[in-house]
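Trainee: I'll drop the sequence and a predicted model, then ask my questions.
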There are 2 protein chains.
Amino acid sequence: MATTIGGIDIEVSFTAIFVQIEGRTQILMTGLKVLLVAGTHGNEINGPWLFEQWEGRQELIDTHGLETVCVIGNPAAFEVGRRYLDRDLNRSFKKELLEASAHIDLEVDRANELLALYGPRGRVPSQLAIDIHSTTSAMGCSLVIYGRRPADLALASLIQARLGLPVYLHEGDASQKGFLVEAWPCGLVIEIGPVPQGVLDAIIVEQTRLAINACLESIAEVISGAVVYPERLIVHLHLGSMDFPRHPNGQLAACLHPSIVGNDWRPLEPNSPIFLRADGEIVHFCSEKSAVPVFINEAAYLEKNIAMSLTRREIWQVEESWIENLHEIVAINEIN
Amino acid sequence: MATTIGGIDIEVSFTAIFVQIEGRTQILMTGLKVLLVAGTHGNEINGPWLFEQWEGRQELIDTHGLETVCVIGNPAAFEVGRRYLDRDLNRSFKKELLEASAHIDLEVDRANELLALYGPRGRVPSQLAIDIHSTTSAMGCSLVIYGRRPADLALASLIQARLGLPVYLHEGDASQKGFLVEAWPCGLVIEIGPVPQGVLDAIIVEQTRLAINACLESIAEVISGAVVYPERLIVHLHLGSMDFPRHPNGQLAACLHPSIVGNDWRPLEPNSPIFLRADGEIVHFCSEKSAVPVFINEAAYLEKNIAMSLTRREIWQVEESWIENLHEIVAINEIN
């Protein structure tokens, strides 16, 4: 933005314009754009439905002055109520796919399109992506972050402090890569369940609404300077995933044991039951240490050979470097 | 079967050969074939999984001496984990589809194939079909019968007396026709939930196993003569289905109210909440009489414009004509 002070033209670059309303600092304008994505999986319908309702009633979610862009991640899959058509869009943001010279498939096209439109160097450049999911697992309202990007950790700590929700830190899994939010400088997944695929559920919708609101409020406070970081972040570090027992022909040889279904986030002790065969034989958790299971019986993970993932709960100090990184990302923008 | 008595060749026709084992009459052989179908909807995976396990361990389900044929209803859809490919197979058994001169689609082909293979005049003629389903609705373990065919009512009364489960009598719905079991002289649906599509659940598998066992035991007792009918059958008569409130563009304008989700079979009183809009407005049940809801929030019914179906609970006397009809069907066969 150009202005003139004392006869000199000056390019002024800043992050936001604030106003004082009733004694509180409010954002009037900021260059930051927050990308909100729902329907990245076309059979997760609660987020997209909330978007539709929000479009009609702006008061449903307070943006706290932030500029937001709402988009359906995979509209072609959403249209037919399937997770994806050719490939899981939320595993398609891999360099080798995005930069392939030949045409690959619909989801890789869509990944490139989303980046061209809303990527950090896209037509409507967004610096921060919130990807809204639902799951058949009893994850409650939770966050998923990928790798240990400092800004993600800072943002997750703010949302956790606000809502008390669990955070799953997914990392080091060679078979699960190319998540959407990894393609933005900062981003996380809101993961809410249990709800069957294709089912609209008022409680899931409300949890989604509250989670989006908490994200936006946290980001707005970072910009306005009103932010207060917690001292600690509780994370659930990905240790690995566990497949179902299988017959030699690949068919499932057992179900998850009823005693663990619905008990995501509850520590699984060594030798406790995990699988149940049709003849009643119990398969026990063969481990010397306890672990915290997540994504127990997520329908979409059957094809990925995942019955559940295992994590280790850790308490981390919120570090200054995380905070600085988040502030850099939300402050790099100019109002043009 | 031909035999010779006193020098005269006689064609002998009978239903079964019995033996006395430890004081109980057991069927040794019968001409009746019971068709057991699972995976009629390709994303309902618990029944097919039980079939696989049963194949490997015959003792899992006692056939009580009956000859059973297990088949995956829609193998092409099951392969890709979708309800159907072109058309709902369980609405494809309509005369106008089955007898069409031109080729229609995969599911109509499959319906004709199932009839050619296992229909009452098929290559492996079966007189009685049990179609095994699961649902995202909290239906528990229940039976669905279509129309008021006397033999179905008799068989349902026996299974209800054995397991105490609710029976939904679907009838008079012009938009929902062509169910698989209607193409067999006698047949009913075992419907079990809640379970998300594509999720294997040990409790659903066990409920399915017990329900199949109860069906087979009941049929075997009809043949052996050990059957004792209950005096009454409690039925839930289909009154109609209710769609979600919709915006003019067809989008859903409300969710089901959380107070009724999970409460299938529990009477819905006049003016009680049924839908909840995103702005918190409640839509009430506008009726002068209470009704019993079923299939509340079944994922697959969204496309059929059904948020739930409403029924009226009635207690019927088990009639002699029902019993006669069931006995005729299980007794029409010859052992060749």
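Mentor: Sure thing, it's come through.

Trainee: contacts only, for the residue of the stretch 1-150 of chain A found nearest chain B.
Mentor: Using C-beta to the nearest C-beta, A:Gln53 is the residue of the stretch 1-150 of chain A that sits closest to chain B, at 3.6 Å. Bear in mind the C-beta positions are built from the backbone N, C-alpha and C, glycine included. Shown in contact with A:Gln53 (C-beta atoms under 8 Å, 6 or more residues apart in numbering or on different chains): A:60, B:277-279.

Trainee: from these, which is closest to B:Ala214?
Mentor: For the contacts of A:Gln53, the residue nearest B:Ala214 by C-beta to C-beta is B:Arg277; the value is 42.4 Å.

Trainee: list the contacts for that closest one?
Mentor: When contacts are taken as C-beta under 8 Å, 6+ apart, B:Arg277 is in contact with A:53, B:245, B:253-254, B:283.

Trainee: redo the residues you listed as TSV? Include pLDDT, distance to B:Pro194 and secondary structure.
Mentor: Compiled in TSV, those are given as follows (pLDDT from 0 to 100; distance: C-beta to C-beta, whole Å; DSSP: H, G, I helix; E, B strand; the rest coil):
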residue	pLDDT	distance to B:Pro194	secondary structure
A:Gln53	95	25	helix
B:Pro245	97	23	coil
B:Ala253	96	24	coil
B:Ala254	97	21	coil
B:Val283	98	23	strand
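
Trainee: ok, of those, which come out buried?
Mentor: Taking 16 or more other C-beta atoms under 10 Å in any protein chain shown as the criterion, what is buried in the contacts of B:Arg277 is A:53, B:253-254, B:283.

Trainee: center of chain A, which residue is that?
Mentor: For chain A, A:Val189 is the residue whose C-alpha lies nearest the centre (C-alpha atoms, centre = their mean; 0.4 Å).

Trainee: doesn't A:Arg87 make contact with A:Trp110?
Mentor: Actually, residue A:110 is Arg. It isn't Trp. No: under the criterion of C-beta atoms under 8 Å, A:Arg110 makes no contact with A:Arg87, lying 9.7 Å away.

Trainee: which one's more surrounded, the two?
Mentor: Taking neighbours as other C-beta atoms under 10 Å in any protein chain shown, A:Arg110 and A:Arg87 compare with A:Arg110 leading, 22 against 17.

Trainee: backbone phi and psi for the more buried one, please?
Mentor: phi -70, psi -40 (degrees, to the nearest 10).

Trainee: any idea how far it lies from B:Gly65?
Mentor: With distances taken as C-beta to C-beta, to the nearest Å, A:Arg110 is found 57 Å from B:Gly65.

Trainee: go on, A:Leu32?
Mentor: Taking C-beta to C-beta, one finds A:Leu32 at 73 Å from B:Gly65.

Trainee: low-confidence stretches in the stretch 151-300 of chain A?
Mentor: With pLDDT under 70 as the threshold, the stretch 151-300 of chain A has no low-confidence stretch at all.

Trainee: and stretch A:76-87, C-alpha only, in CSV?
Mentor: Taking Å, rounded to 0.1, in the frame of the first residue of the first chain, the C-alpha atoms of stretch A:76-87 are listed here in CSV:
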residue,chain,number,x,y,z
ALA,A,76,-16.3,-34.6,-7.7
ALA,A,77,-16.1,-37.2,-4.9
PHE,A,78,-18.5,-35.2,-2.7
GLU,A,79,-21.0,-35.2,-5.5
VAL,A,80,-21.2,-39.0,-5.6
GLY,A,81,-20.7,-39.5,-1.8
ARG,A,82,-17.4,-41.4,-2.1
ARG,A,83,-14.1,-40.8,-0.3
TYR,A,84,-12.3,-40.3,-3.6
LEU,A,85,-12.6,-41.3,-7.2
ASP,A,86,-9.1,-42.3,-8.4
ARG,A,87,-6.9,-41.7,-5.4
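
Trainee: buried stuff in it?
Mentor: Of the residues in stretch A:76-87, those buried under the neighbour-count criterion (16+ other C-beta under 10 Å) are A:76-78, A:81-85, A:87.

Trainee: which of these sit farthest apart?
Mentor: Pairwise distances across these (C-beta to C-beta) peak at 17.1 Å, for the pair A:Gly81 and A:Arg87.

Trainee: show me where chain A has helices.
Mentor: Remark: helices assigned in chain A by DSSP state H are A:46-56, A:75-80, A:95-98, A:106-118, A:150-163, A:202-224, A:320-331.

Trainee: between those helices, which one is nearest to A:Ile130?
Mentor: Between these, helix A:202-224 lies closest to A:Ile130; by C-beta to C-beta that is 5.3 Å.
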